[in-house]
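> please work out how this folds:
(chains A and B)
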Amino acid sequence: MHGRLKVKTSEEQAEAKRLEREQKLKLYQSATQTVFQKRQAGELDESVLELTSQILGANPDFATLWNCRREVLQRLEAQKSPEELAALVKTELGFLESCLRVNPKSYGTWHHRCWLLGRLPEPNWARELELCARFLEVDERNFHCWDYRRFVAAQAAVPPAEELAFTDSLITRNFSNYSSWHYRSCLLPQLHPQPDSGPQGRLPEDVLLKELELVQNAFFTDPNDQSAWFYHRWLLGRADPQDALRCLHVSRDEACLTVSFSRPVLVGPRTETLLLMVDESPLAVEWRTPDGRNWPGHVWLCDLPATSLNDQLPHHTFRVIWTAGNAQKECVLLKGHQEGWCRDSATDEQLFRCELSVEKSTVLQSELESCKELQELEPENKWCLLTIILLMRALDPLLYEKETLQYFQTLKAVDPMRAAYLDDLRSKFLLENSLLKMEYAEVRVLHLGHKDLTVLCHLEQLLLVTHLDLSHNRLRALPPALAALRCLEVLQANDNAIESLDGVTNLPRLQELSLCNNRLQQPMVLQPLASCPRLVLLNLQGNPLCQAVGTSEYLAELLPLVNSILV
Amino acid sequence: MADNLPSEFDVIVIGTGLPESIIAAACSRSGQRVLHVDSRSYYGGNWASFSFSGILSWLKEHQENRDIVNEDPAWHEQILENEEAIALSRKDKTIQHVEVFCYASRDLHEEVEEAGALQKNHASVISENPTEAVHSAYLPSEDESLCTASCEMLTEQTPSSDLETALEINNVKVTGETKKHDDKTCMKSASEEETSKNVPTTEGTALQPKKTRITYSQIIKEGRRFNIDLVSKLLYSRGLLIDLLIKSNVSRYAEFKNITRILAFREGRVEQVPCSRADVFNSKQLTMVEKRMLMKFLTFCMEYEKHPEEYKAYEEITFSEYLKTQKLTPNLQYFVLHSIAMTSETASNTIDGLKATKNFLHCLGRYGNTPFLFPLYGQGELPQCFCRMCAVFGGIYCLRHSVQCLVVDKESRKCKAIIDQFGQRIISKHFLVEDSYFSENTCSHVQYRQISRSVLITDRSILKTDSDQQISILTVPGEEPGTFAVRVIELCSSTMTCMKGTYLVHLTCTSSKTAREDLEPVVQKLFTPYPETETENEEVEKPRLLWALYFNMRDSSDVSRNSYNDLPSNVYVCSGPDSGLGNDNAVKQAETLFQLICPNEDFCPPPPNPEDIITDGDSLQSEASEASVILEANSETPKGSASLGNPEEASQ
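Purely as a prediction, here's the structure:
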C-alpha cells in the first residue's frame, strides 16, 4: 500500500541484532583481556579506569574489576595533586551512579561507593542521603540501598529522629517493607535509651503504645503481611535475659556438684571460667557435661573430693562464680543430708515468658483484645492466631491454658504446612505449664503423660526431678539433654514412638525405666543404659526389639546389674 | 488559493474531537492519505481546553448566538446532475444555557490584558480571508508548531511572522469586546456597585497578614496559566485510552499527573475516601475494625467472579441494598457506593456495582494510589496528541476550514467528495464527520441528551491538607430521586490548568434542567461566593468562588447511526463527548469506525524503531526521517522514568 513506512522484516531485525551482539561481545572480551594483562604487568594507570568503566558500565557485577579500580585509585592517590584527585573522585561518583542505574541491586557498586566515600577527606554526606532517598523512591524495598543509607547515616551522624521520620514516610507509602520496620527497631531504642536499670533495647510505654497503634493499622489493613507481624513481635518481645546461674545442686552420694546456666555455655580453660569456692576457699575441679560430650550446654558438673564432703562439720558451703556472666550462686550441704541445692524459682523470674515481654499487662491485655477482634473478622489468619497464643502466654500461661490449646488446634488446621512446628511449640508451652504447676505444688515429681508432646525441652530446669512420667505422648526420642536430670529415679515413657535413648545416660540415681510400646528396633539402642549404675528395673514390652533374636542375651551382657528386665 | 490543498485523499475527517483525532491518527498510521479539517480555530471541538481569554472568546461566541451570515451559495453550482449534496451546518448548536458569574473583585482601572498572550480570533472563525485561514493551519509545513503541543496549547501556537501584524490588530479589538461582555454577564450576580463598594475592604484586609485576595484583573493577567476543559474527564489507568496511548506510543506527546485523592461529601462535610491499601493504612478516620472490613470487602471485589456464592443470592437487588447485607458500617457503604463504584442508590444492581468496584480497584496502583490520571495542560491535549501522530505520518491539517457540503453520487449512493469553504472539491473514499457538523435536515429525527457543566475558579481546596497541590475527585449523590449525581474534579495549579493560588473546579452531571439549575445547589454546598464573607474576620471554611461558568453540552454519544437521514455508507459519524468519567466510549467508537474504514488493519500499532525504517528509495524519505528525528528527540526523556540526575544536581 502506498504511503506506508517501509520497515525491516523481523529476520532483518534479528540479523542486525545478532551482529550488534557479536560486536559487543568482542569489545567486552578484548577489554577484559587488556585489563587483566595490565593488572598483571602492574600498569595501574588511568587507562585501566577507562577500560573497566566500559565493562562495568554494562555489567556492574564484575567484582574483580571493582578491585582493579580500587588498586588504580589507591595508586593515583599518591601521584595526583589534590585538584586532580577531586576531579577524579567526582567522575568516579558519577560513574558509580550510572552503574547503579544499570543495576540498583549490585553488591559491588554499593560496596565501591562505601569504600570511596570512606576515603574522601570531606565526603558530601547530604548528597549521599539524597541519592539513597531517590533510589528508595524508585524501589522502597531495595535493601542494598537501605544498607548504604544506614552506613551514610552513621557516618554523617544523622539524628535518629530524622531517620525515623524517613522510615515513617516510606511506611506511609507502602507498609510491606521489612527494611523500614527493621530500621525503626534500631532507631527507637537509640532515641529512647532506657535508664541503666531497665532492660536494654526496650521502649518506654508511651512510645511503645504509639508503635503498637501504627503496626496495628498495618495488620488490620492487611493481616497477611508478615512484615508488620514481625515488627509487632519485636515490640512485644523482651530483651535477652541477663546471665545467671539458675540452679546449684550438691550430692553427697555421688560426690558431685551440678550447675545450671541461663544460657548454653562452654566451660573450659580457654572459654568460660567457673570458680568453685568450698567453704570460702577455691577448689580446682574439672567441669564436664552430664552426657560426657562437653559441648556447649546449660548444665555442667564436677566431681568433689571427699574432703569437701566430710560429715564432721555442721555444714559445707559451695559457691560457684561465673566470671563472664557476672553471676554467682551459693548452696549449703548440711550435716546428715544427702544433698543440698539452691535455685531460682521459675515463677518468680518468669522464665518461660521470653517469647513476649514483661511489659505492663494492660498493654498486653489490650493487644490481646484487638487481636481477638481481628481474629473474629479473619478466623483463618495464622499470624493473628499465633500472636493471640503468644499474648496469652505472656499474660497468664496457666489461666489461658485451655484456650491456648484450642487456638493451637485452629492454627494447625489453617496452617498445616507448619503442623510439626506448632506441635513442638505446643509441647514446649505444655511443659512450661507443668513445670509451673510442679513448682506451686513444691514437689519433685513431674507428670507429663497424655499431653501429645512431640518434643522435650527445658530439661535443664528439671535438675531436681526424681520421678518423671512421659507416657502416652508422641515422643520419638529421649534427647541427650535428659542427662541433666541428675536426681531422676523413676522414668516412665510408655506408649510413645521412641526410637533412641541418647539421653538416658550417666543418670546416677535412675532405678526404674519403663519403655513399653515404643519403637525401639535394635538392642543396640539400649547401649546408653549401661552408664546408669543403679538401674534395676527395665520394661521393654511391646517394642520391635522384643522379637529380635538374641535380645535377652545381649541385654544380660549389656546390663548385668539390672535384675528385672521385662521383654 | 484552492489549489493549496491536494484534491484527492483516502480519508477526510471533519472535526478534531478525540474520536475523530484517534481515527485520523490510526488511518494515517496505516498509510491512508488523511485530510483532517475543523471549522473552528482550535483543536478538539467540544473536547478542547482554553486559556482564560480563550474561554471568554468561546463564551462570547456562544452567548451572542448570532446567525451565520455569508452563506455562500456558490457551491450549489458545482453539484452535477448525477450528484446530490448533503449540506453541512455552519452553526454549533451543541452548547446552550451559557451563564457566567464573576465574584472576584475588579480593579477600577480595567485596562488589563493577558500577559504575553496571543488571543484567538474568534471573530474570524468563518474567515473571509482565505490566505489567513490556509496559512494558519496548513500542515506539514507547520509541523514545528505541532511539536510544541506537549508543553503548550496548540491553540496558542505562534503564528507565522507575516500574520503577526494582522493578529495584533485583531487582538485589540477582541479585548475591547471582552470587556464589554464581562460587564454584561456580571450584572447577573455581584453587581458592579457591590463589587466596587467592596474594594476598600479588600485593600484593608490586604494590609493584614492575610493572604492577598486574587482579583479579576489578576486572573486576566495570568490568563495563560489556565487551561479550561470543556469536558471534564479523567483517564482510568487501565482504561482503553491509556492502553491506546501506550500501544501507539502517542503517550510521548503528553504528560500526566496522578489524581491524588478521592473525596466524599457526607453530612455536609468533605472527607477523604481511603481506597488504596496505603490509604486504608494511613486513614485516621476509620477504626481498626472498619479498616479490616473495608479491605476485606475490596479484596473480595477484586475477584468477585470467583466467589459467586457471595453475591448470587443478591443479583436481583440494587448494589446499595447488597452493600447493606455485607459487613460494612454505613460510613463504608457510602464510600463504596458513591466514591468507589461511583454509582447511586438506585442506578446499579449488584453485579454492575461489583463490576464498577472491580474496575476501580483494578486501576489502582498502576501509576499511584488512585486509579486516575489527568493530562497536564488539560484534557484538550489528548486530541492534539493524536493529531500530531497523524501529522507525523503524513496527515494534512486545516483549522478554520469549513466544509460546505458532502457530494453524493446519486447512482452508487456513495459520498465521493467534499466542497470546502473556498469551493474546492476534494475527492476521498471515506468521510468521517463529527455529528455537530450535520445540518438540521440530517438530524431531524435525532434525540439528544444533555450534559450539565460548570467551571469554577476558587481560592482554596475543598479539603485542606498539608499539600496545596492535590488533584481530587468528589462525587455528590443526587438529592432527590430522578436527579443525577454530580461529579466534581478539582485541579490544582501544578496540573497546568490554573494560575498559582487558585483551583479550577469542574462539575459535571447528566442534565435534568439547565446546567445552572442542576449544579448550583452543589456549588452552594461546597463553596461560598466571594464578597459575602468579605466582612467576616473569622476563617471561612468553604473555598471562595472567584468566577463561575455554567453551560449545557449536547451528549450525542448514544445516538444510533440509523437516526440520521440518508447517510451514504461511506460517511461515518463520530459523537461528541459523553458524560462518563473515562474515555472508553471515544476509543471504542474510534476503533469500530477504523475497522470499517480499514478492515483487517492493526489499530494504531507502535511506530517502528528509527533504525528499522528503510529510508532509501521513494518519496517517503522525508516523512521517515522526520519521524526518526522526533523519536530521537523524545527518547532522551522517557516518560515516567524516575531519572536520578547526576550527582552534581543532587548536591545542589
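> and the longest helix belonging to chain A, what's buried?
In terms of residue count, the longest helix belonging to chain A (DSSP state H) is helix A:10-40. Using 16 or more other Cβ atoms under 10 Å in any protein chain shown as the test for burial, helix A:10-40 gives A:31, A:32, A:35, A:38, A:39. From N, CA and C alone the C-beta is placed, and that goes for glycine too.
> would you agree the second one is in contact with residue A:55?
This points to residue A:32. Yes. Counting by Cβ atoms under 8 Å, residue A:55 is a contact partner of residue A:32 at 6.2 Å.
> distance of residue B:461 from residue B:520?
The spacing between residue B:461 and residue B:520, counted by Cβ to Cβ, to the nearest Å, is 20 Å.
> neighbour-wise, which of those two wins?
residue B:461 (21 against 18; other Cβ atoms under 10 Å in any protein chain shown).
> which outside residues touch stretch A:361-378?
A:205, A:208-209, A:212, A:216, A:219-220, A:223, A:236, A:356-357, A:381, A:384-385, A:387-388, A:391-392, A:394-395, B:288-289, B:292-293, B:296, B:327 (Cβ atoms under 8 Å, 6 or more residues apart in numbering or on different chains).
> what backbone torsions are found at residue B:418?
phi -120, psi 160 (degrees, to the nearest 10).
> so which strand or helix has residue B:605?
For residue B:605, there is no host helix or strand (DSSP states H and E).
> quick one: residues contacting it.
B:29, B:247, B:248.
> residue A:334 bridge partners, please.
residue A:315 (DSSP bridges).
> can you classify the residue of chain B found nearest chain A by secondary structure?
At 3.4 Å from chain A, residue B:31 is the closest residue in chain B, using Cβ to the nearest Cβ. Put simply, residue B:31 is coil when judged by DSSP: H, G, I helix; E, B strand; the rest coil.
> remind me which residues of the stretch 201-350 of chain A are low pLDDT?
For the stretch 201-350 of chain A, the stretches with pLDDT under 70 are A:201, A:238-240, A:346-350.
> ok, how many other residues are close to residue 436?
No chain specified, so I'll use chain A. 19.
> chain B was what I was after
Neighbours of residue B:436 using other Cβ under 10 Å come to 24.
> so what's the backbone phi/psi at it?
When read as degrees, to the nearest 10, the backbone of residue B:436 gives phi -70, psi -10.
> and the contacts of stretch A:361-378, which of them are in strands?
Secondary structure defined by DSSP state E assigns none of these to strands.
> mind checking which of the residues you listed are buried?
Members of these classed as buried by 16+ other Cβ under 10 Å are A:208-209, A:212, A:216, A:219-220, A:223, A:236, A:356-357, A:381, A:384-385, A:387-388, A:391-392, A:394-395, B:288-289, B:292-293, B:296.
> one step back: near chain B, from the buried residues of helix A:10-40?
Counting by Cβ under 8 Å from any Cβ of the partner chain, nothing from those sits close to chain B.
> can you put those residues in JSON lines and add pLDDT?
Converted to JSON lines, the buried residues of helix A:10-40 look like this (pLDDT from 0 to 100):
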{"residue": "A:31", "pLDDT": "92"}
{"residue": "A:32", "pLDDT": "92"}
{"residue": "A:35", "pLDDT": "92"}
{"residue": "A:38", "pLDDT": "92"}
{"residue": "A:39", "pLDDT": "91"}
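> buried ones in the lowest-mean-pLDDT helix or strand in chain A?
Here the helix or strand of chain A ranked lowest by mean pLDDT, DSSP states H and E is strand A:564-566, holding a mean of 84. Counting neighbours by 16+ other Cβ under 10 Å, one finds that the buried residues in strand A:564-566 are residue A:565.
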